[in-house]
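S.K.: Please work out how this folds:
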Amino acid sequence: MNIDKIIDITASSVTNIGSALIGLKTSDPYMVAGVAAIGPVLENKLADFAKRMLSSLQSKRIAISTQLICSTINQNIDNGKSVRNDDFFTPHQEPIMDINESAASKLFEGTLLKAKEEYDSKKIPFLSFMTANIFFAPNISESKAFVLLELLSRMSYRQLCALMIFYRRNILPIGRWESRLKCTTSLLDYYDIAYEFLSLKDSFLIEQNMPNGGMGMGITEYRISALGKELVLTANLMSIKQQDLSELESKVNFITSSLQ
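M.R.: Here you go, the predicted structure:
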């Protein structure tokens with residue numbers, strides 16, 4: 001494989017996907033080994049996907065996700081980030097399937113499977129950003145990588161916006177939503193927003209804000225958790241459109257002010 005261009009798959013070998021690939025280059029000799037590890041992961045899985053029965057829409061989703069993953073990897077390299085040098089790219093025996101596969105390969109395949117079935121195309125970039133960034137994050141273990149992928153895939157786009165709002169504001173008084181929203185007639189049309197914000201608790205992405213570490217009763221304030229912050233940074237939720245954030249934040253402010 002040409003290390004200066006670790007992706008070299010043509011449309012003929014990867015139907016409907018090859019056209020989405022970009023060349024990934026590095027001139028830093030210390031990064032060559034790490035970058036070269038990514039190539040086979042992408043090539044092998046894309047070649048496998050090319051043999052699957054996919055609708056035109058599914059193929060397009062996969063192509064978009066692949067292109068975003070590649071461009072993010074390329075950007076990370078240009079920014080001087082180093083590909084993780086642990087065993088994330090090392091194939092290990094999978095006894096059930098009797099094959100050798102790496103954590104990176106499984107994560108990449110999982111991301112493409114999620115993207116393939118993702119009906120809200122606005123989520124596809126963040127699934128892709130996260131996977132590419134994990135290739136550069138040795139602090140994220142294989143098991144945590146899969147947890148983050150599952151969490152992100154289950155969240156709605158508006159929940160991604162909600163988590164980003166928590167990241168920016170840190171604390172929101174949504175505890176009172178749970179107890180008082182149903183008693184406020186003017187807010188009946190905002191149940192869906194309340195559900196999406198409050199559901200972040202179940203995924204441990206937000207947590208109660210307890211002053212002085214206490215366990216007081218009637219906690220109404222919630223803050224983003226360490227896991228939530230990690231998801232924001234790894235999935236690059238900072239790139240969510242400002243307009244989408246502003247529109248949701250306006251509704252959050254209306255709900256909060258109505259319950260004061």
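S.K.: Buried residues in stretch 83-99, which are they?
M.R.: Using 16 or more other Cβ atoms under 10 Å as the test for burial, stretch 83-99 gives V83, R84, F88, F89. All C-beta spots, glycine's among them, are computed from the backbone N, C-alpha and C.
S.K.: mind listing the helices for the stretch 101-250 of the chain?
M.R.: Using DSSP state H, counting those that start in this stretch, the helices assigned to the stretch 101-250 of the chain run over residues 103-117, 124-134, 142-154, 157-169, 175-180, 191-198, 226-234, 242-258.
S.K.: From the rest of the structure, what touches the shortest one?
M.R.: When contacts are taken as Cβ atoms under 8 Å, 6 or more residues apart in numbering, the neighbours of helix 175-180 outside the stretch itself are A194, F197, L198, Q208, G218, I219, T220, E221, Y222, I255, L259.
S.K.: 6 Å - rerun?
M.R.: Contacts of helix 175-180 with the rest of the structure, by Cβ atoms under 6 Å, 6 or more residues apart in numbering, involve A194, L198, I219, T220, L259.
S.K.: re the thing from before, could I get the helices of the stretch 101-250 of the chain as a markdown table with mean pLDDT and mean neighbour count?
M.R.: Shown next, in a markdown table, are the helices of the stretch 101-250 of the chain (pLDDT from 0 to 100; neighbours: other Cβ atoms under 10 Å):
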| stretch | mean pLDDT | mean neighbour count |
| --- | --- | --- |
| helix 103-117 | 95 | 21 |
| helix 124-134 | 97 | 23 |
| helix 142-154 | 97 | 17 |
| helix 157-169 | 97 | 20 |
| helix 175-180 | 83 | 16 |
| helix 191-198 | 94 | 16 |
| helix 226-234 | 97 | 18 |
| helix 242-258 | 94 | 14 |
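S.K.: Save the ones you listed as a markdown table, and put in distance to V41 too.
M.R.: Shown next, in a markdown table, are the helices of the stretch 101-250 of the chain (distance: least, Cβ to Cβ, whole Å):
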| stretch | distance to V41 |
| --- | --- |
| helix 103-117 | 5 |
| helix 124-134 | 10 |
| helix 142-154 | 13 |
| helix 157-169 | 26 |
| helix 175-180 | 43 |
| helix 191-198 | 34 |
| helix 226-234 | 18 |
| helix 242-258 | 32 |
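S.K.: No more questions from me, cheers.
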